[in-house]
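Colleague: got a predicted structure here, sequence first:
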Amino acid sequence: MAARGSRFLGHLHVDGPLLIGICAILGVGLLALYSAVGQNTAMLTAQGMRILLAMVALLIMAQVEPTLLRRAAPWIYVFGLVLLTLVLVSGDVGKGAKRWLDIGVRFQPSEIMKLALPMVMAWYLHERPLPPSAGVILATLVFMLVPVAMIGLQPDLGTAILIGLSGATVVFLSGIGVRYIFSAIAIGLGSMPVLWYMMHDYQKQRVLTLLDPDRDPLGSGYHIIQSKIAIGSGGIFGKGWLNGSQGQLEFLPERSTDFIFAVIGEEFGLMGAAAVLLIYLFIVGRGLAIATMAQDTFSRVLAGTISITFFFYVFVNSAMVTGLLPVVGVPLPLISAGGTSMVTLMAGFGILMSIQTHRKLLAR
């Protein structure tokens, strides 16, 4: 029976261990979301529909051979830049930011760049000797800085940072020398005063709130204070599903999106939150294993970048909710309510599965 199921997944180009991890985290997400939205079945149904759409995206991308992805990478990147330009020119404004396009379906084009950027950088590195020369590194940085700057202008600092990290991961996985790594760290530290000057006032406020949330407990510090109360009150084993006071009594803001990890911490406690993080680590570990078995530079770098970037998303959200990083509006992957982000993530997992299953086919 198990062998038959394995053959069926193989025909669909689906990697079994990765699928198990994804389904486990999606199941946890539905439980947490049902509690976070006050047991609203309509919102849970909407999330279920998003998951189905995301699964379709995963299955579609799993069928696409890595060689075809490599050839399409520069065109997908250019398409993403065009969409980002349209956002800056005529995008929809929400909460003071211009991040969305409405073509009958409202979506964030920056989500497309989360895949397009590592794909085009891996494509560029594929035909070049590794480790890359200084000129090749400079060219890949240009690929990265253009969309990062465009997303920063929306403004969407959180997404810009995450996309920048994905580009930096591609360069790191290409095998650059230690001197380049230390040079990048030095440049980053030296540019902090300039970046601080360029930040918007509300972005500076978020950094200051991180350092002292009690300076404005009913304003900028409210989110993180309530989040810490929720997580702390959960203790070791939590208050039980649907029994969290901060979430159920609506003290916790954005509890179905950016701060849903606080709901998990309150209702399932330290053990539940740790279990969720372990599932995430399993997914990341499986992705890195796929990367190590990949048969060419493009597949290896792309698989590694998708996996490590997914880790960044989890780390940034969980650190943000626990007060270790500023609040930057990054959702918890595959758990927070939302459609565009989930579809992008699942498409990325579909690429991982394609790299793994087509590798097996090539080896036969």
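Modeller: Ah, there it is.
Colleague: nearest residue to the residue minimising distance to the centre of the chain other than its sequence neighbours?
Modeller: In the chain, the centroid-proximal residue (C-alpha atoms, centre = their mean) is Y313; its distance is 4.1 Å. Nearest non-adjacent residue to Y313, counting by C-beta to C-beta, 6 or more residues apart in numbering: P333, 4.7 Å away. Just so you know, the C-beta spots here come from the backbone N, C-alpha and C atoms, and that holds for glycine as well.
Colleague: now H200, nearest residue through space, not along the chain?
Modeller: Nearest one to H200, counting by C-beta to C-beta, 6+ apart, is P155 at 6.1 Å.
Colleague: and the gap between the one you found and A134?
Modeller: To A134, P155 is 31 Å away according to C-beta to C-beta, to the nearest Å.
Colleague: same deal with I185?
Modeller: Distance from I185 to A134, by C-beta to C-beta: 17 Å.
Colleague: same question, E267
Modeller: From E267 across to A134, the span is 51 Å (C-beta to C-beta).
Colleague: where does pLDDT dip in this structure?
Modeller: 1-10, 94-97, 104, 360-364 (pLDDT under 70).
Colleague: can you pull out the strands in it?
Modeller: Listed in chain order, the strands of the chain (DSSP state E) span 92-94, 97-102, 106-107.
Colleague: in TSV: those strands, plus distance to I76.
Modeller: Shown next, in TSV, are the strands of the chain (distance: least, C-beta to C-beta, whole Å):
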stretch	distance to I76
strand 92-94	23
strand 97-102	16
strand 106-107	15
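Colleague: would you turn those strands into CSV with mean neighbour count?
Modeller: Shown next, in CSV, are the strands of the chain (neighbours: other C-beta atoms under 10 Å):
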stretch, mean neighbour count
strand 92-94, 11
strand 97-102, 16
strand 106-107, 16
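Colleague: for L12, find the nearest of the ones you listed.
Modeller: Among the strands of the chain, the nearest to L12 by C-beta to C-beta is strand 106-107 (26.3 Å).
Colleague: look at P155 and A134 and report which has more neighbours.
Modeller: Using other C-beta atoms under 10 Å as the criterion, P155 and A134 rank with P155 on top: 17 against 10.
Colleague: so that one sits against D201, correct?
Modeller: No: P155 is not in contact with D201 according to C-beta atoms under 8 Å; the separation is 11.3 Å.
Colleague: before we move on, back to that, indicate which one of the strands of the chain is closest to S245.
Modeller: Closest to S245 of those, according to C-beta to C-beta: strand 92-94, at 30.3 Å.
Colleague: distance check, V171 against T305.
Modeller: For V171, the distance to T305 - C-beta to C-beta - is 10 Å.
Colleague: looking at the chain, which helix is longest?
Modeller: Assignment by DSSP state H gives helix 260-293 as the longest helix of the chain.
Colleague: buried ones in that helix?
Modeller: Using 16 or more other C-beta atoms under 10 Å as the burial criterion, the residues of helix 260-293 that qualify are 260-269, 272-273, 276, 279-280, 282-284, 286-291.
Colleague: could you do stretch 243-263 as well?
Modeller: For stretch 243-263, using 16+ other C-beta under 10 Å, the buried residues are 244, 246-248, 251-252, 254-263.
Colleague: of those residues, which is the nearest to V328?
Modeller: Closest approach to V328 among these (C-beta to C-beta): D258, at 8.8 Å.
Colleague: so what's the backbone phi/psi at that closest one?
Modeller: Per-residue torsions, D258: phi -70, psi -30 (degrees, to the nearest 10).
Colleague: report the contact partners of it.
Modeller: Counting by C-beta atoms under 8 Å, 6 or more residues apart in numbering, D258 touches N317, M320, V321, V327, G329, V330, P331, L332, S336.
Colleague: so which residues of the stretch 101-250 of the chain form helices?
Modeller: Taking DSSP state H, counting those that start in this stretch as the criterion, the stretch 101-250 of the chain carries its helices at 110-126, 134-152, 157-173, 178-190, 192-198, 201-211, 222-234, 245-248.
Colleague: which residues does the shortest one contact?
Modeller: The one in question is helix 245-248. By C-beta under 8 Å, 6+ apart, helix 245-248 touches 35-36, 38, 226, 229-230, 233, 239, 242, 251-252, 255, 262-263, 266-267.
Colleague: do the fifth one as well
Modeller: With contacts defined as C-beta under 8 Å, 6+ apart, helix 192-198 is touched by K204.
Colleague: if we go by neighbour counts, what in that helix is buried?
Modeller: Buried residues in helix 192-198 (16+ other C-beta under 10 Å): none.
Colleague: for the longest one, same thing?
Modeller: For helix 134-152, the buried set under the neighbour-count rule, 16+ other C-beta under 10 Å, comprises V136, I137, A139, T140, L141, F143, M144, P147, V148, M150, I151, G152.
Colleague: okay, now the domains of the protein?
Modeller: When the chain is parsed with automatic domain parsing, its domains come out as 21-59+202-357, 64-199.
Colleague: which one of those is the most hemmed in?
Modeller: Among the domains of the chain, the stretch with the highest mean neighbour count (mean count of other C-beta atoms under 10 Å) is domain 21-59+202-357, at a mean of 20.
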